Every structure is written in C-alpha cells, then in structure tokens.
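Colleague: sequence and predicted structure below; questions after.
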Amino acid sequence: MFRVPFLVAIALAIAFGGGIWSTLWALEATAGFGAIRLGAWEAFPNAQTADADPYAKSHRASAGALLYASAEGLRFTANVDDAGAALDADCSYRISGHTPPARLWTLHTDRTAAARKAERDGLPVAVNSRTILRRADGTFDIVVSRFAQPGNWLSVNEDGRFRLRLTLLDTPAAGSSGLIDLSMPSITNTGCRDA
C-alpha cells in the first residue's frame, strides 16, 4: 500500500536533489561564457552587461558585489599559476611584471573568513597600484605567501586552494575588444612548505 508512494517519494528526492546539485556544480564550475584568458588570468567582459549569459547573471546576483559598467572596470581572476598548477596556500608565489593601463588597480584573494581575520590582525590582504613599490621601469614584484616577506607582500591565510582577483578601474581595456593584446603580470611558484 505504501510501496508506490514510497517509490515516488524516492524518485522525486533523487530528481530534485540531483537537479539542485548539478545546478550548484555548474554555477561553481564557471562564471559564465565568453571568457578571455591572458596567461593565468581570466576575465568575463560581458558578465556585468545586459548581454550576460544566465550563468554570469546568477553569479552577479549571488555575489552581491559592486557592479562595474563596461567602461568603468574589468575584473581578472587567477586560479592557477603560469605553469597551470592550482594556487595553493602552502606555496609562495611571485607576481611580476605590470598591469594594463588603469587609473587604479587592486589585487586581493577571495574574501573568506580567513582573509577577514588576517585583515583584523593587520596583515596585508590586499595591495593596490598606489601602495606598491615599483622598479624604475614601472614593473613590480608582489610575493603572495603565508609568511612575511620584504617588499610587496600579500598575506594568504587560506587553507588549500585560493583565487587571486585583479580589478582594473577606469581602464581603456574594459571597453576595448583588443583584450588579447594586453600584457598581464606573471604568477610564478617560488616554493612550497612540503617540498
């Protein structure tokens, strides 16, 4: 007597559970379509426009972050270094070179609870174009590490993998279709704790 309703309930639970899981997985797997890759860096120029695809709109709605118009800013993210290995908090990285022209740029890791705690502890969890030390030719080196470093240092207090976010504000690159010609800073692994 309860066999048919029980089987229907199980089928519905599997269908709804699988549907919700696959949707969440798809949203985490990509920030949308139309990505532009420059070395380890990736940007979605249309993510904040009316032409954005449904995945980009979903990310935009769930993030609750400040939205940039197409000519105001462009956000690049990096999940891997230049060798293609995932960024790991147990390793140190050197970000070298220069950014595309911008009035201001910022670099930080994802805003996790560990990053907010590090910020409260007075550690440098973000750097920007006005506070970093540069060479005479305008290039820079930023060390991303758990441990204090001389010069430009970005503290990473995450566990496991992390993501870097480079935001260019008031940049001609944001409204340009010539993004492929831009030069981005390199991300090089300089060593890991367990190696």
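Modeller: Received it, and whenever you're ready, just let me know what you need.
Colleague: what is the mean pLDDT for the helix ranked longest in the chain?
Modeller: Secondary structure of the chain per DSSP state H: the longest helix is helix 3-29. For helix 3-29, mean pLDDT rounds to 83.
Colleague: same thing with stretch 90-104?
Modeller: 90.
Colleague: please save the CA atoms from that stretch in PDB.
Modeller: The C-alpha trace of stretch 90-104 is given here as PDB (Å, rounded to 0.1, in the frame of the first residue of the first chain):
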ATOM      1  CA  ASP A  90      51.000  26.100   1.300                       C
ATOM      2  CA  CYS A  91      53.100  27.600  -1.500                       C
ATOM      3  CA  SER A  92      54.600  31.000  -2.200                       C
ATOM      4  CA  TYR A  93      54.100  32.900  -5.500                       C
ATOM      5  CA  ARG A  94      55.800  35.900  -7.200                       C
ATOM      6  CA  ILE A  95      53.500  38.100  -9.300                       C
ATOM      7  CA  SER A  96      55.800  40.100 -11.600                       C
ATOM      8  CA  GLY A  97      55.500  42.500 -14.400                       C
ATOM      9  CA  HIS A  98      53.000  45.200 -15.000                       C
ATOM     10  CA  THR A  99      49.300  45.600 -15.500                       C
ATOM     11  CA  PRO A 100      47.400  47.000 -18.400                       C
ATOM     12  CA  PRO A 101      46.900  50.800 -18.100                       C
ATOM     13  CA  ALA A 102      44.400  51.700 -15.400                       C
ATOM     14  CA  ARG A 103      43.800  54.700 -13.100                       C
ATOM     15  CA  LEU A 104      43.800  52.300 -10.200                       C
END
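Colleague: pull out the buried positions in that stretch.
Modeller: For stretch 90-104, the neighbour count (16 or more other CB atoms under 10 Å) marks 90-95, 99-100, 102 as buried. For the C-beta atoms, the positions are set from N, CA and C on the backbone; glycine is no exception.
Colleague: can you tell me what sits against it?
Modeller: 81, 87, 105, 107, 128-130, 138-147, 149, 154, 164, 166, 168-173, 182-194 (CB atoms under 8 Å, 6 or more residues apart in numbering).
Colleague: narrow the residues you listed to those in strands?
Modeller: Using DSSP state E, the subset of the contacts of stretch 90-104 located in strands is 105, 107, 128, 140-145, 154, 164, 166, 168-169, 186-192.
Colleague: which of these count as buried?
Modeller: Using 16+ other CB under 10 Å as the burial test, the ones in strands among the contacts of stretch 90-104 include 105, 107, 140-145, 154, 164, 166, 168-169, 187, 189 as buried.
Colleague: looking at the residues you listed, spot the one nearest residue 2.
Modeller: residue 164 (54.3 Å; CB to CB).
Colleague: for residue 91, see how far away the closest residue to that closest one other than its chain neighbours is.
Modeller: Counting by CB to CB, 6 or more residues apart in numbering, residue 164 lies nearest to residue 78, which is 4.4 Å off, once chain neighbours are set aside. From residue 78 over to residue 91 the distance is 14 Å, taken as CB to CB, to the nearest Å.
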